[in-house]
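>>> Build me a model:
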Amino acid sequence: MLPYKDEDRGNTFHSDQPLVSVVIPAFNASTYIERTLRSAMRQTYAALEIVVVNDGSTDDTAKLVEQIATSDSRIRLLSTPNRGVAAARNTGIKASSGRFVAFLDADDLWHPTKIEKQVNALNRLSSHWAAVYTLHCMINEDDEIICPGSSDVARGYIYARHLNVKYIGNGSALLVRRDVALAIGGFDSSYAAAGLGGCEDLDFELKLAARYFIEVVPERLVGYRKHPGSMSSNHLRMGKSALEVVRRSLAENPQLPRYAIGSAIDATQKYAFWEFRRARRTYLSLVTIGRILRSDPCFVVRLMFEKGLRGIQHRLRLGMTTANREHQPRMKWSKFDDQIAPSRLECPKETPRLRRHLIRLAAVDAKLNSNLAAERTVPDEDEGAMIEGSRALETDPRSSQVIG
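Model prediction:
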């Protein structure tokens, strides 16, 4: 059991701060739940409540949370039968009292400044801005940073682009207005019921992006953990889930032009292909690559070329003896902890083809946003500015990106 001290509770509560509800769905999370809770408790933003939803765990998850809660009155534990992460999050949203809700998976970590920076960013904007996300680092079982996540960011009305780029990289990155989360119906638990759980985060994000503006804090403030027991490690289910989420989203938004629909399907097929390949499902991989071949034959050519190079590299590595490999120095990783400074971002490299693609999708978003603005009875300054900003993307897609 990790020691908990008074300073873990954060700063003194200020009544003028809007309350943020941290919702942590937990299923058999005893390995990581202490570290996860600690990262929430140490937030520099003081006005927090922490709602842990024990989703039918059969290990010591509930016991550990109860023990930790004795040292911090902000923590509440709710226990339910096992119904999946979407239902657990919905339970947490309904039980929460905050103006904002932030989601934290039971094996992930937050930098201490995450909530403070997100609330400050959203408080400057009108109610049309429903959510704010941040970026992440990948961490291992020992909280070591093993690689950075994506540096791609966009803000404002980003529905068509998010279908393609998936800017919000994981469920622990998002802070959303509670009333908006309820208005869009929360998380869809039908995916888990159909055996397609895994991308409920993406479904929720797309429902947000189709109706509201989304802000970004362009810093790596989330430690997103990959380990054998995590949901994202079930590659077969993740691939199938992504395909179904995008299919439903496109069906619910028939106003999208053909180009945006085709590019979203193509991007999701490529993601699913890599997931099926990691799952060693040869038939599904071949079926998916056949579909990609019709829309992007260059992708298949590049794939075959890279596979050939990897084969050569593999044969060269066979020349190394086992003893030589064993004496290779182990790479030292930085810890994702309170002392690490949020890393600055480098601009993602864009090919001319990708740049043209983003320009077209930005124009689609500008058009969709104009249609939404016409439906609203009381447009405001933020809305008009965002329409003009989106139009500017037709010549420069970088103007939507906020990169430190």
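
>>> how about low-confidence regions in the stretch 151-300 of the chain?
229-233 (pLDDT under 70).

>>> any chance you could map the strands in it?
Secondary structure of the stretch 151-300 of the chain (DSSP state E, counting those that start in this stretch): strands located at 174-177, 213-225.

>>> could I get those as a markdown table with mean neighbour count and distance to R294?
Using the backbone N, CA and C atoms, a C-beta is placed for each residue, glycine as well. Formatted as a markdown table, those follow (neighbours: other CB atoms under 10 Å; distance: least, CB to CB, whole Å):
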| stretch | mean neighbour count | distance to R294 |
| --- | --- | --- |
| strand 174-177 | 24 | 34 |
| strand 213-225 | 24 | 32 |
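
>>> Relative to E141, which of the ones you listed is closest?
Among the strands of the stretch 151-300 of the chain, strand 213-225 comes nearest to E141, with 7.5 Å by CB to CB.

>>> what packs against that closest one?
Judged by 3 or more CB pairs under 8 Å, 6 or more residues apart in numbering; DSSP states H and E, strand 213-225 is in contact with strand 109-110, helix 114-123, strand 129-139.

>>> I'd like the next helix or strand past the longest one.
Just to be clear, that refers to strand 129-139. Downstream of strand 129-139, the first helix or strand assigned by DSSP states H and E is strand 145-148.

>>> What residues sit buried inside that following strand?
Under the neighbour-count criterion of 16 or more other CB atoms under 10 Å, strand 145-148 has I145 buried.

>>> Can you give me every residue that contacts the residue minimising distance to the centre of the chain?
The chain has N170 as the residue nearest its centroid, 2.0 Å off, counting by CA atoms, centre = their mean. Going by CB atoms under 8 Å, 6 or more residues apart in numbering, N170 touches D105, D108, H136, G149, D201, V222, Y224, S232.

>>> Q269 too?
L243, T288, R291, I292, S295 are the contacts of Q269 under CB under 8 Å, 6+ apart.

>>> can you redo those residues as CSV with neighbour count?
What follows is the contacts of Q269, written out as CSV (neighbours: other CB atoms under 10 Å):
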residue, neighbour count
L243, 19
T288, 23
R291, 15
I292, 18
S295, 13
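
>>> Which ones among those residues map onto helices?
Judged by DSSP state H, the contacts of Q269 include L243, T288, R291, I292, S295 as members of helices.

>>> looking at it, the second one is touching Y271, isn't it?
Pointing back at T288 there. No: T288 lies out of contact with Y271 (CB atoms under 8 Å); the separation is 9.7 Å.

>>> thinking again about what came up before, specify the stretch among the helices and strands packed on strand 213-225 that is closest to L19.
In terms of CB to CB, the element of the helices and strands packed on strand 213-225 nearest to L19 is helix 114-123, at 10.1 Å.

>>> how distant is the closest one from the center of its chain?
Centroid separation between helix 114-123 and its chain, computed with CA atoms, centre = their mean, to the nearest Å, is 17 Å.

>>> what do you get for stretch 177-186?
The answer for stretch 177-186 is 17 Å, by CA atoms, centre = their mean.

>>> List of residues touching that stretch?
Applying CB under 8 Å, 6+ apart, the contact partners of stretch 177-186 are 21, 86, 89-90, 93-94, 96, 98-101, 122, 127, 130-131, 204, 207-208, 211-212.

>>> how about 7 Å then?
21, 89-90, 93, 96, 98-101, 130, 207-208, 211-212 (CB atoms under 7 Å, 6 or more residues apart in numbering).

>>> How about stretch 238-253?
163, 191, 196-199, 202-203, 206, 210, 232, 256, 261, 264-265, 268, 271-272, 275-276.
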